[in-house]
Each structure stands twice: as structure tokens, then as C-alpha cells.
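Novice: Sharing a sequence plus its predicted fold:
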Amino acid sequence: MSELIAKIRRDVERILCLDVDAGDFTALGRNDPVVSELQRRFAGLRPVLFYTPYEAAAWCIIGHRIQMTQAATVKQHVADDYGERGAFPSPARLADLASPQRGLTDEKIDQLHHPASAALDGALDRDRLRDQTFGDAERQLQRLPGIGPFSAELIIIRGMGAPDAPPRHERRLEAAARDAYQLPPNAHITAVSNAGGRTAAGSRSCCAPPSDCRSDEGVLLPEEGLTGMSPLEWIYTAFVRDRTARS
């Protein structure tokens, strides 16, 4: 029982990103007025993770080419039909998913079998994925049918919980940053890592055209570790929410 309680505690801490140190997060606001305003408007904002990378991968497949509200409904149908007590089905249960299914094409049903098999084999274990580099994890995830670069990043950031992984394929982040910093339409977002440092803990997020992106401009990220979530992750969520609220 004590081992089960310890596992539950560890999983909850990870889902809430409490296993990542972010003590100097407020330093972002002291160095950047845009971030300071986002911190004020979205005080306490904490994006949480999917319960497992496996469920994040399944969500990506379910959500392909449909609206998020539709995807959420379809995902709940799968949970109701194959899960227990409303929870998303275990990998073993999802491996038995068969046509027809409400809101799922035959192609998606076939694709969903692959994260189920990968999870059963341990390939989607959160610790195992975290032990890999960002690039290795991204390449491994993209071997799953239906998982491309965008989906792989979502799994790494929102499923695996990589604290320093900047979303490179999320166009809304660049659009929101351009709006917030009043930058021209061709402005580009880049993360520049210092030697040997964690990407978020030792980098600056540059808002400039690709040919003129210098490490001494943009948003200053703290030099120490981060608690609760990565600054890039928090800023991304706040940027997108702010842009959505104003659109």
C-alpha cells in the first residue's frame, strides 16, 4: 500500500508539474513588462499535464482534423465505452478498440492501436521518455502512425512534462507574441540555449526576424531552476489565452 501511495503522489506531482523547481519564475516579470502584465492577469495559471504520455498520444490522434470540442466528445465516448468510471481506457483495453466507433474513422481506430501497443511495451513510460534527449524522444514518438512533429511536441510538453521544451510548431505562440510585443508580421520566435544549460533555465526567447535574432534581445529567462512549470510553457499558455480573449 505504501508503494502505491508513493506512486500516486509522484504521478500527481508530475501532472501538476510540482516536480520542477521554478523558484525564480517571478524574475521574468521583473525583466520584461509584457511578461509582468501576463503574470498579473493570469496569476496562479498552471497548465496541467495529461495523466500519461500514452493518453496524450491518443488525444493527438483523436483530435486530428476536427475541432477540440468534437475531439473531447469523441474521447469521452471512448472512455465511456472502454474505460472504467469515466477514465480513459487502459492500453490493453484500447488495443481491443474495433469499428465502428462514434466519431472515429477506421484509420484513426487503427492508429490508436499503436500508442496502446507502445504503452504496453513500456515505450511511452514517462521516466523512459524523460531520460532521452528532446530530439530522440521526438523521433521515437513520430514513429507512431498519426503522430507528426506538432503532435510529438504536444506529447513531450503536455504528456511527458519536459520542463524546458519550447513549442516550435505552435503558430499561435508566435502570433500571440507578435501581438503582445507589437512586432511586424515576419517576426520569428527562437529559443537560444547557453552552453550546458537547460533550455528554459539558461536561455532568452528572441522575438525577431530569423536573420536578425540576437541573444541579447527578447524575453529574459531566469538563470536558476524553475518551480511548477517552465517559463516558456507558462508564457506560451498566457500568450495564447490573452490573444484568444482579445480576438
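Specialist: The structure has been received and is ready for your questions.
Novice: quick one: the residue of the chain most remote from its centre from residue 10, how far?
Specialist: No residue in the chain sits farther from the centre than residue 1, which is 31.4 Å out by CA atoms, centre = their mean. To residue 10, residue 1 is 15 Å away according to CB to CB, to the nearest Å. All C-beta spots, glycine's among them, are computed from the backbone N, C-alpha and C.
Novice: circling back to that earlier point, so for the residue farthest from the centre of the chain, what's the pLDDT?
Specialist: Residue 1 is assigned 78 on the pLDDT scale.
Novice: Count the neighbours of the residue nearest to residue 28 when sequence neighbours are not counted for me.
Specialist: Spatially, and ignoring its direct neighbours in sequence, residue 28 is nearest to residue 35 (4.7 Å; CB to CB, 6 or more residues apart in numbering). Neighbour count for residue 35, taken as other CB atoms under 10 Å: 25.
Novice: same thing with residue 33?
Specialist: 10.
Novice: how about it, what does it touch?
Specialist: Counting by CB atoms under 8 Å, 6 or more residues apart in numbering, residue 33 touches no other residue.
Novice: Okay, now the unreliable bits of the protein?
Specialist: Counting by pLDDT under 70, the chain shows low-confidence ranges at 21-25, 164, 188-247.
Novice: which residues of it fall in strands?
Specialist: 188-193, 203-208, 219-220 (DSSP state E).
Novice: Outside of stretch 62-78 itself, which residues are in contact with it?
Specialist: Outside stretch 62-78, the residues that reach it (CB under 8 Å, 6+ apart) are 58-59, 86, 88-89, 94, 97, 101-104, 108, 112, 146.
Novice: of all those, which two lie farthest apart?
Specialist: For these, the maximum inter-member distance is 24.5 Å, found between 86 and 146 (CB to CB).
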